[in-house]
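S.K.: Let me see the structure of the following:
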Amino acid sequence: MRLFYRLCWILVRLYLKLFCRLRIEGASNIPERGGVIIASNHVGAGDPPFIGVSVNRELHYLAKRELFGNLLLRFLIRNLNAIPINRSIFDHQAMLLSEAALRDGYGLILFPEGTRSKSGEFRKGKPGVGLLARRTLVPIVPTYIENSRGFAKLVFTRKRLLVRFGEPITRQWIESVADDNDGYRLITEEVMAKIKRLKCGDRFEKHDNAHT
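M.R.: This next block holds a predicted model:
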């Protein structure tokens, strides 16, 4: 990790451990190197950094373009590998930058639902994650995050912030799927199905268990 990224990683992780009782499950499902998509449900604005500090390698992620309007925030998130995306259209430039990050061997955090779920219920996944995976042929690690919305209040409750990583969807399976719109939707549906199962604690490696 670069020095600035590592420093932010340590500070955020320490805060989450102390005040949110961060619990990480299935961390060994994250490949140590090479391009990988970490596909998660999305319930809170802090999900990208919360997932990021749960992984011991440098990651990239997509951030809505509006966040780059603030000079200080732009400096921070750019140095934490944020890729700007216009969520109102299919952002071709964001797709190209995401592809480049994966081909360069980085991990990329994606939220297949596209936006946060205010109710906490799962939304329908969008085919973008399938398109990106099929183009780059990198594994996808389904991920489930819980209690990230209103995380600052966790210190006053018995709840804890949970990040759970499932077994990867392999490159071989992704390559077997048709390289067309139906294939992209099929990949996304598989990702969302695995994330839903993770909510119940299924399909993560028990031997890696938890880091509390």
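
S.K.: and the strand or helix carrying Trp9, how far from the chain's centre?
M.R.: With the criterion set as DSSP states H and E, the secondary-structure element containing Trp9 is helix 3-19. When distances are taken as CA atoms, centre = their mean, to the nearest Å, helix 3-19 is centred 17 Å away from the chain's centroid.

S.K.: what packs against the lengthiest helix in the chain?
M.R.: The single longest helix within the chain, with elements called by DSSP state H, is helix 181-199. In this structure, helix 181-199 makes packing contacts with strand 36-40, helix 128-136, strand 140-146, judged by 3 or more CB pairs under 8 Å, 6 or more residues apart in numbering; DSSP states H and E. (Each C-beta comes from the backbone N, C-alpha and C, glycine too.)

S.K.: Could you dump these into a markdown table with mean pLDDT and mean neighbour count added?
M.R.: As requested, the helices and strands packed on helix 181-199 are arranged in a markdown table below (pLDDT from 0 to 100; neighbours: other CB atoms under 10 Å):
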| stretch | mean pLDDT | mean neighbour count |
| --- | --- | --- |
| strand 36-40 | 98 | 27 |
| helix 128-136 | 97 | 22 |
| strand 140-146 | 97 | 25 |
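
S.K.: Just put these in TSV and tack on distance to Leu22.
M.R.: Putting the helices and strands packed on helix 181-199 into TSV (distance: least, CB to CB, whole Å) gives the following:
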stretch	distance to Leu22
strand 36-40	15
helix 128-136	25
strand 140-146	11
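
S.K.: for those, which one sits closest to Gly114?
M.R.: Checking the helices and strands packed on helix 181-199 against Gly114 by CB to CB gives helix 128-136 as the closest, at 7.6 Å.

S.K.: what does that closest one contact?
M.R.: Identification of contacts with helix 128-136 by CB atoms under 8 Å, 6 or more residues apart in numbering yields 35, 37, 39, 90, 95, 98-99, 102-103, 108, 110, 112, 114, 140, 169, 174, 177, 179, 183-188, 191.

S.K.: which parts of stretch 16-25 are buried?
M.R.: With burial defined by 16 or more other CB atoms under 10 Å, the residues of stretch 16-25 counted as buried are Leu16, Lys17, Cys20, Arg21, Leu22, Arg23, Ile24, Glu25.

S.K.: mind saving the C-alpha coords of it as PDB?
M.R.: Listed next in PDB are the C-alpha coordinates belonging to stretch 16-25 (Å, rounded to 0.1, in the frame of the first residue of the first chain):
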ATOM      1  CA  LEU A  16     -14.100   1.000  13.500                       C
ATOM      2  CA  LYS A  17     -12.500  -1.600  15.800                       C
ATOM      3  CA  LEU A  18     -12.800   0.600  18.900                       C
ATOM      4  CA  PHE A  19     -16.200   2.200  18.400                       C
ATOM      5  CA  CYS A  20     -18.100   0.000  16.000                       C
ATOM      6  CA  ARG A  21     -16.700  -3.400  17.000                       C
ATOM      7  CA  LEU A  22     -15.800  -4.200  13.400                       C
ATOM      8  CA  ARG A  23     -16.200  -7.900  12.700                       C
ATOM      9  CA  ILE A  24     -14.600  -9.300   9.400                       C
ATOM     10  CA  GLU A  25     -15.500 -12.800   8.200                       C
END
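
S.K.: Quick one: mean pLDDT for that stretch?
M.R.: The predicted model gives stretch 16-25 an average pLDDT of 97.

S.K.: so how far is the first residue of stretch 57-66 from its last?
M.R.: The first residue of stretch 57-66 is 27 Å away from its last residue (CA to CA, to the nearest Å).
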